[in-house]
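Peer 1: Sequence and predicted structure are below.
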Amino acid sequence: MTPTESPPAAPRLRVRNRLSSRPVRITAVALLVAIVLLVLLWDWNWFKGPVERVVEARTGRTLVIGGDLDVDLGRTTTVRADVLRFANADWSDSQTMASADRLEIQFEVFPLLFRQEVRLPEIRLVKPILRLETNPDGGAANWDIAFGDGGDGPPPQIRRLWVEEGRLRFLDVAGQTDIDVRLSSRESRGGEDAAPAIVIEGGGNWTRNAFTLEGVAESPLALQDTDKPYRIDLRARAGATRAHVRGSLVAPLQLRDFDLQFALSGRNLADLYPLVGVALPDTPPYALDGRLTRDAPGNTWHYDAFTGKVGQSDLGGSAAVTLGGDRPALKADLVSKRLDFDDLAGFVGGTPDADGEALDPELVAREQALAAKGRVLPETPYDLTKLRSMDADVRLRAQRINAPNLPIEDMDAHLLLEAGLLRLDPLNFGVAGGNIRSTIRLDARQDTIDTRLTASVRRIDLGGLFPADTLIGDAVGRIGGDINLAGTGNSIAAMLGSANGDVAVGMGAGRVSNLLVELAGIDIYEALKYLIGNDKQIPVHCAFADFGVQKGVMESRALAFDTTDTIIIGEGTISLRDEQLDLLLRPRPKDRSILALRTPLTIDGTFADPGFRPDLGRLGLRGALAIALGSITPPAALLATLELGGGEDSRCGGEYAR
């Protein structure tokens, strides 16, 4: 080595560096061990107080963590808290709004540290209880919480919520509603990444009516996105009424938008009044299914394109109920392709025919009580509270009517109801090729209903009123007339029993079975002639019945049936008040006949059990006279049975054959 060369120094420097780094590594390891020991030995319960104070500062309500607080650190950290209680609003009778045996929250550390994003992979609740209440004094509900300043960052992103043995209770004292349901999570059918659905089971009281509820709803996390549809599939039952709702709704907590398929069934549509506030008449069992939507903004609920059955009648159409006004308002357009006439009985206070179905027991008892009295006209009073509780505009069209004992073909009805004033304008029926057009006005604004009925009868076929295989089934003639009645009372029986007005019906020229006319006059000889030979039709000049009505009693002013063979003159009364018949028909032949026992015919009895018979006292006298004369001389006995044809044609115009 020359004097100018430098000595090697690298080995000494490397040794010095190794010696200087050893304390640093020892310090780092010691610090890491200390941190690990701190984490392992640290009592996380120290943070309970700070967490409770932060929540109270943000919400104004107390949070109590009665159990342990624990943390599992990691890239995804888990925080556990046991026995939690969150205070209720000051006005509530219950001090606790929410509680849980355990709350577990997972959050991702790095997004929180570097991007201030709160990502929560899962929240798990064990035996949570949530109590939601409306304020009885009309103030803010208990869930309406004014949160303090929490920064301007984005809201937490919660991916999964799992609930074990949860319970939700909803109280609305003003609405007399108390709902208590159990909630549990189940894995969604949408796959592992889909949020668990919520299984719901429970019940309670809705507007004082007990009900049960069960079904499945999408995860409550879906409620975070107020623009995304929230899917539900729920079934409810209140007494005999059942509902099945499935579909989606947007922002359900604000009742904003609905698009649900809604099936409704029950024993009587009238049972819906205490549940939804819509007054409907008594009906037989029903089942309907349609689309339920709600206007946004607005307070109108639509039930569109629904189909189903009410009793033996099919029913479809659309209906809408608007809330928020002085009264709920119902607007509906209904169509029946085949309407069973018995199903309309509830509209007039009668009892529908269930035809084998489970009819409402209250309706059955009501019908049995009416039958026990021997009465026909419905005595059930209209409910004035219901008539005044809502407005309505309902159109019902029946394309075909099934009425085995009545020749009714179709119907068109328009019902208008406003503040207790009900109008049926029009109420039209197609009958035997003609029609009955009517308007009815019921004023229920006073304690006693005032009723007005105006009806016109036009071009009803006489033969069409009777079965085709009867003597009068092939009769020819057109019936017309007018009816004007006014009465007071809260039932159909009371209204008719107090009615005043006029009833007039008649027929112009036509034809009718001669055999029928001879039988009506008890002309044995002529009747035998047509029975043995061939019956034939004879001309009818006219027929009419004109009654004045006073205090529920129809009294004849003119009553006649005039043919080329016989004229029948009638008189008497029909009591709508007592449901009694008292009519006398006097046939007066226009031909001569042997074996004629011409005698007045009596129509008597009740509406429930009418009678049609000859005046046997009058007939007995003539028979006794014939026997007495026969004991003297046969020709004289035959002479007593001869009719000389003393009747004359009545004078009839054509005004009823329009």
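Peer 2: Arrived safely. Numbering: from 1, shown residues only.
Peer 1: Burial check on residue 99, number of neighbours?
Peer 2: Look at residue 99: counted by other CB atoms under 10 Å, it has 17 neighbours. To be clear about C-beta, it is placed using only N, CA and C from the backbone, and glycine gets the same treatment.
Peer 1: Then residue 53?
Peer 2: Residues near residue 53, counting by other CB under 10 Å: 12.
Peer 1: And residue 143, by the same measure?
Peer 2: 14.
Peer 1: I'd guessed it sits against residue 132; true?
Peer 2: Yes - under the criterion of CB atoms under 8 Å, residue 143 makes contact with residue 132 at 5.5 Å.
Peer 1: which SS state does residue 61 fall under?
Peer 2: Following DSSP: H, G, I helix; E, B strand; the rest coil, residue 61 is assigned to coil.
Peer 1: Dump stretch 434-450 to CSV, restricted to CA.
Peer 2: Taking Å, rounded to 0.1, in the frame of the first residue of the first chain, the C-alpha atoms of stretch 434-450 are listed here in CSV:
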residue,chain,number,x,y,z
GLY,A,434,-139.3,-2.7,-22.5
ASN,A,435,-137.9,-0.6,-19.7
ILE,A,436,-138.5,1.0,-16.3
ARG,A,437,-136.8,4.3,-15.9
SER,A,438,-136.7,5.8,-12.5
THR,A,439,-135.1,8.4,-10.2
ILE,A,440,-135.0,8.1,-6.5
ARG,A,441,-134.1,10.8,-4.0
LEU,A,442,-133.3,10.0,-0.3
ASP,A,443,-132.7,13.0,1.9
ALA,A,444,-130.9,11.7,5.1
ARG,A,445,-129.8,15.1,6.3
GLN,A,446,-132.6,15.0,8.9
ASP,A,447,-133.3,12.3,11.5
THR,A,448,-136.1,10.8,9.3
ILE,A,449,-135.3,10.1,5.7
ASP,A,450,-137.5,11.9,3.1
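Peer 1: what mean pLDDT would you report for that stretch?
Peer 2: For stretch 434-450, mean pLDDT rounds to 95.
Peer 1: buried stuff in it?
Peer 2: 434, 435, 436, 438, 439, 440, 441, 442, 443, 444, 449, 450 (16 or more other CB atoms under 10 Å).
Peer 1: ok, and what's touching it?
Peer 2: By CB atoms under 8 Å, 6 or more residues apart in numbering, the residues outside stretch 434-450 that reach it are 382, 384, 387-388, 419-429, 451-461, 478-480, 483, 486, 488-490, 495.
Peer 1: pLDDT (mean, whole number) over whatever helix or strand residue 511 lives in?
Peer 2: Residue 511 is located in strand 510-513, with elements delineated by DSSP states H and E. Mean pLDDT, strand 510-513: 66.
Peer 1: Now do the same contact list for the residue nearest to residue 170 when sequence neighbours are not counted.
Peer 2: Excluding the flanking residues, the one nearest residue 170 by CB to CB, 6 or more residues apart in numbering is residue 179, at 4.3 Å. Counting by CB under 8 Å, 6+ apart, residue 179 touches 168, 169, 170, 171, 202, 203, 204, 205, 206, 213.
Peer 1: quick check: mean pLDDT across the strand or helix carrying the second one?
Peer 2: Put plainly, it is residue 169. Following DSSP H and E, one finds residue 169 within strand 166-172. Average pLDDT, strand 166-172: 93.
Peer 1: got it, and stretch 407-414?
Peer 2: Stretch 407-414 comes out at a mean pLDDT of 92.
Peer 1: What does residue 54 show for phi and psi?
Peer 2: Main-chain torsions, residue 54, degrees, to the nearest 10: phi -60, psi -40.
Peer 1: Weed out the non-buried ones from the contacts of residue 179.
Peer 2: 168, 169, 171, 202, 203, 204, 205, 206, 213.
Peer 1: Distance to residue 89 added to the residues you listed, as TSV?
Peer 2: Listed next are the buried ones among the contacts of residue 179 as TSV, based on distance: CB to CB, whole Å:
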residue	distance to residue 89
168	17
169	14
171	12
202	23
203	25
204	21
205	22
206	23
213	25
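Peer 1: Out of these, flag the one nearest to residue 84.
Peer 2: residue 168 (16.3 Å; CB to CB).
Peer 1: Strands of the stretch 1-150 of the chain, residue ranges please.
Peer 2: Taking DSSP state E, counting those that start in this stretch, the strands of the stretch 1-150 of the chain run over residues 63-65, 69-72, 76-87, 96-108, 119-120, 122-126, 129-133.
Peer 1: Any chance of CSV for those strands, columns distance to residue 551 and mean pLDDT?
Peer 2: As requested, the strands of the stretch 1-150 of the chain are exported to CSV (distance: least, CB to CB, whole Å; pLDDT from 0 to 100):
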stretch, distance to residue 551, mean pLDDT
strand 63-65, 76, 94
strand 69-72, 85, 89
strand 76-87, 70, 93
strand 96-108, 66, 94
strand 119-120, 80, 89
strand 122-126, 73, 94
strand 129-133, 57, 94
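Peer 1: Kindly reformat the ones you listed as a markdown table and extend each row with distance to residue 186.
Peer 2: Shown next, in a markdown table, are those (distance: least, CB to CB, whole Å):
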| stretch | distance to residue 186 |
| --- | --- |
| strand 63-65 | 28 |
| strand 69-72 | 26 |
| strand 76-87 | 22 |
| strand 96-108 | 18 |
| strand 119-120 | 20 |
| strand 122-126 | 14 |
| strand 129-133 | 19 |
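Peer 1: For the nearest residue to residue 67 once chain neighbours are set aside, give the beta-bridge partners.
Peer 2: Distance criterion CB to CB, 6+ apart; nearest residue to residue 67, sequence neighbours excluded, is residue 82 at 2.7 Å. Note on residue 82: beta-bridge partners residue 102, judged by DSSP bridges.
Peer 1: Thank you, goodbye.
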